[in-house]
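S.K.: After the sequence you'll find the predicted model.
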Amino acid sequence: MPFDDDFFNDPFENLIRDFFRGSSLEQRRRSQRFIKGEEEDRVIDFVEDGKKLYLVFELPGFDEKDVSVMIKGKEIKIVAKKAKTEDLRDYLSEKLRRGISIQKQLPNFVSTKGFSHTMKNGVLEVVFNKEK
């Protein structure tokens, strides 16, 4: 029995297909300019669609109250530092107390006005609108 056309027009299937097919060549180039090296590739993701740019940072062990996101000009700075670590194991508490600082130059095509960010389960998502 052949598949009907609606099966292949499923939004989820389209999302998966686009993910594995990859983004446009220009989007891939921009991502490669933003993410430098294998180490950053594991903790930063750069995703863009027609109108928005999504920067996703893996910050395991940190909560929303531990993280600050600052924009100055076309630069983003993320600082994650845990103040209260008594309930954690020694090796982990020391690492979380020291914290993480990430500073990156943003692409010229993003608008830094009105950006938003959310933090859930150790994943920080920062959303920018693209400039027209």
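M.R.: Cool, the structure landed.

S.K.: Would you map the strands across this structure?
M.R.: 44-48, 52-58, 67-72, 75-80, 100-105, 110-120, 123-130 (DSSP state E).

S.K.: Please name every helix or strand in contact with the first one.
M.R.: In terms of contacts (3 or more CB pairs under 8 Å, 6 or more residues apart in numbering; DSSP states H and E), strand 44-48 is packed against helix 25-34, strand 52-58. For every residue, glycine as well, the C-beta is placed using N, CA and C.

S.K.: now do the last one
M.R.: With contacts taken as 3+ CB pairs under 8 Å, 6+ apart, strand 123-130 sits against strand 52-58, strand 67-72, strand 75-80, strand 110-120.

S.K.: Looking at those strands, spot the one closest to residue 98.
M.R.: Evaluated with CB to CB, these place strand 75-80 nearest to residue 98, the distance being 10.1 Å.

S.K.: same for the closest one, what does it pack against?
M.R.: Strand 75-80 packs on strand 67-72, strand 100-105, strand 123-130, going by 3+ CB pairs under 8 Å, 6+ apart.

S.K.: Let me know the average pLDDT across the longest one.
M.R.: Per-residue confidence for strand 123-130 averages out to 94 on the pLDDT scale.

S.K.: Having no further points to raise, I will conclude here.
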